[in-house]
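1. Have a look at this prediction, sequence included:
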Amino acid sequence: MTPEGKVKAKVKKVLAEVGAYYAMPMGTGMGSSGVPDFLVCKGGLFYGIECKANGNKPTALQETNLKRIREAGGIALVIDETNVDTLKQEMCCER
């Protein structure tokens, strides 16, 4: 499993634990490029979660999509090895 795959697996586990609905869109020719790895709904809130590993940062297109999610009132997160353990707390806190 790739380092990013390991982060995604941990994110999936947290999402299952908190009872969130999620989808993982595929960035293929038929889909939209730059869409976050996870589109999530939990407690009436919309989350876009981009997973990264090894200190990698989102691409410019991914940043644009995360910004658009925030502007639309959603919550956009970049999750990596350093903060994946805080995701459960982030998902369970009321806003």
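-> Great, that's in hand. Everything quoted here is computed from the prediction, not taken from an experiment.
2. Scan this protein for its longest helix.
-> Criterion DSSP state H: the longest helix present in the chain is helix 3-18.
3. Do a quick rundown of the strands in this protein.
-> 21-23, 38-42, 45-51, 75-79 (DSSP state E).
4. Next, format those strands as TSV and append distance to Thr86, mean pLDDT and mean neighbour count.
-> C-beta coordinates here come from the backbone N, C-alpha and C atoms, glycine included. Compiled in TSV, those are given as follows (distance: least, C-beta to C-beta, whole Å; pLDDT from 0 to 100; neighbours: other C-beta atoms under 10 Å):
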stretch	distance to Thr86	mean pLDDT	mean neighbour count
strand 21-23	17	97	11
strand 38-42	15	97	18
strand 45-51	12	97	21
strand 75-79	9	96	20
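5. Which among those strands is found nearest to Pro3?
-> strand 45-51 (9.8 Å; C-beta to C-beta).
6. Can you name every helix or strand that that closest one contacts?
-> helix 3-18, strand 38-42, helix 60-71, strand 75-79 (3 or more C-beta pairs under 8 Å, 6 or more residues apart in numbering; DSSP states H and E).
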